[in-house]
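Student: Attaching a predicted model along with its sequence, questions to come.
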Amino acid sequence: MNDAIVKTTKLSWNSQRDIIKEDEYIMGSNDSDIFSPAFPSNKIFIGIMVKPDAIVVREDLYSGPGHEVGIWASVPMSCVIELKVQFDAVRDFKDDGDQIVNVYVKPSNKCSTRVIDDYKETITVLVIDVTTGRCTSRGDPHYNSYDGRNFDNYLAGDFVLHRSQNRSFEVHTRTWKCWDASCNCGVVVRENDDIVGVTRCHGRWGKAAPKVINFSYGKFADGISISIDHSGRRFVIYTPSGSRVVAKTSKWGMDIQLTVPGDDFGGNCRSLWSV
C-alpha cells in the first residue's frame with residue numbers, strides 16, 4: 001500500500017479497539033484513495049500437454065524405432081491420464097507421395113473440470129513416402145527391370161533375380177530349355193530363415209505340375225504366406241517385409257513378378273534387376 005492514512009480515531013479510557021469496515025475502504029474503488037502496486041500473476045496453461053506436437057515417419061524398415069508422443073494434463077483432471085502413443089508408418093506399396101495426418105487429442109465428456117466445447121490438441125504427423133520397385137521375368141524370358149530397362153536371357157541355369165545388401169532377402173530362379181531358348185521353371189524366395197519356392201523343374205518340360213516346397217526348418221515365421229488362386233496356376237508368396245513374388249504358371253514354365261520396398265534401392269541390391 002501507499003503511505004495514506006486510512007482512518008484516525010481516538011480511543012477513550014474504556015475503549016480498546018476500533019473497526020475499519022471493509023465496505024468503506026475498498027482498495028482502488030472510487031470512494032477510496034488506497035491503492036496497492038499491481039503485480040502480474042504467473043501465466044499457467046490449463047489443458048492437455050502434447051510433446052512433441054509434430055513428428056516425421058518413413059515408410060521403410062530402417063527409419064528407427066517408432067516415435068513416442070507424451071500426453072498428459074497440465075492440472076489434475078479426472079478425465080485425462082498420462083500416457084504415451086507410438087507412431088509408425090506402414091508400408092503401403094503405393095507411390096502416392098508424402099502425406100500429412102493430423103491426430104487430435106481431446107478429453108472425454110465426463111470431466112471433473114469444465115472443458116471448453118470442441119477443445120482439442122493436434123499432433124501433426126508427416127509420412128514420407130518410399131518408392132516401390134516392381135520388375136518382371138516373362139516368357140523365354142524377357143526381363144523388365146526396376147528402372148524400366150528391357151533385356152532377355154536365353155540361358156538355362158540358376159540365377160539370382162534379387163539379393164538385398166542391407167537385409168536378409170533374396171529371390172532365385174531356375175530356367176530350363178524350352179523351344180530354342182529358355183523359360184522359368186521355378187522360383188525360390190528367402191527372407192531371414194524362411195525359404196519357400198514354387199517349382200515345376202522336378203519333371204519333364206511341359207508335363208510337371210507346379211508345387212510349393214518349404215525349404216525351411218519347421219514352420220514359417222509370422223508374415224510368410226502363400227496363396228493359390230482357384231485355377232491352381234497363380235501363386236503369390238508374401239513376406240514380413242511386404243515383398244511379394246507372383247508366379248503365374250503355364251505348360252511351358254512360369255512368368256514371375258517381384259515387388260520390393262524402396263529399402264533395396266540406391267545400390268542396396270545385387271541381381272539381374274539391379275538398379
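Tutor: The structure has been received and is ready for your questions.
Student: Contact partners for the residue lying closest to residue 102 once chain neighbours are set aside?
Tutor: With sequence-adjacent residues excluded and distances taken as Cβ to Cβ, 6 or more residues apart in numbering, residue 102 is closest to residue 122, at 5.4 Å. (Glycine included, C-beta is placed from N, CA and C.) By Cβ atoms under 8 Å, 6 or more residues apart in numbering, the residues touching residue 122 are 50, 53, 102, 103, 104, 105.
Student: The last one: neighbouring residues, count only.
Tutor: In other words, residue 105. For residue 105, the neighbour count with other Cβ atoms under 10 Å is 18.
Student: That one is in contact with residue 120, isn't it?
Tutor: Yes. Taking contact to mean Cβ atoms under 8 Å, the distance of 6.3 Å between residue 105 and residue 120 places them in contact.
Student: what's the overlap in contacts for these two?
Tutor: Residues touching both residue 105 and residue 120 by Cβ under 8 Å, 6+ apart: residue 48.
Student: quick one: secondary structure of the residue nearest to residue 102?
Tutor: In three-state terms, and counting by DSSP: H, G, I helix; E, B strand; the rest coil, residue 122 is strand.
Student: low-confidence ranges in this structure?
Tutor: Of all residues in the chain, those with pLDDT under 70 make up the ranges 1-7, 9, 11-16, 18-37, 60-66, 77-87, 108-113, 115, 265-275.
Student: how much space between residue 73 and residue 49?
Tutor: For residue 73, the distance to residue 49 equals 7 Å [Cβ to Cβ, to the nearest Å].
Student: correction: residue 125
Tutor: Taking Cβ to Cβ as the measure, residue 125 falls 18 Å from residue 49.
Student: ok so, going back, tell me which of residue 73 and residue 49 has more neighbours.
Tutor: The residue with the greater number of neighbours, taking residue 73 and residue 49 and applying other Cβ under 10 Å, is residue 73; the counts read 18 against 15.
Student: So what pairs up with the more buried one in the strands?
Tutor: Beta-bridge partners of residue 73, counted by DSSP bridges, are residue 48.
Student: Verify the stated contact: it with residue 50.
Tutor: No. Under the criterion of Cβ under 8 Å, residue 73 makes no contact with residue 50, lying 10.8 Å away.
Student: Which stretches in the chain count as helices?
Tutor: Taking DSSP state H as the criterion, the chain contains no helices.
Student: Give me the domain ranges for it.
Tutor: Residue ranges of the domains in the chain are recorded as 48-128, 133-270, according to automatic domain parsing.
Student: just those: most buried one?
Tutor: With neighbours taken as mean count of other Cβ atoms under 10 Å, the domains of the chain reach their highest mean count in domain 133-270, at a mean of 17.
Student: quick one, strands of the stretch 51-200 of the chain?
Tutor: Applying DSSP state E, counting those that start in this stretch to the stretch 51-200 of the chain gives strands spanning 54-58, 67-73, 83-87, 99-105, 121-128, 133-138, 142-144, 150-152, 157-164, 169-178, 181-191, 194-199.
Student: Which among these is found nearest to residue 232?
Tutor: Proximity to residue 232 (Cβ to Cβ) singles out strand 194-199 among the strands of the stretch 51-200 of the chain, at 11.4 Å.
Student: what is the orientation angle of that closest one with strand 181-191?
Tutor: Following axes from the mean of the first three to the mean of the last three Cα atoms, to 10 degrees, one obtains 160 degrees for the angle between strand 194-199 and strand 181-191.
Student: just to revisit the earlier point, as JSON lines, the domains of the chain with distance to residue 42 would be great.
Tutor: Rendered in JSON lines, the data for the domains of the chain read as follows (distance: least, Cβ to Cβ, whole Å):
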{"stretch": "domain 48-128", "distance to residue 42": "13"}
{"stretch": "domain 133-270", "distance to residue 42": "50"}
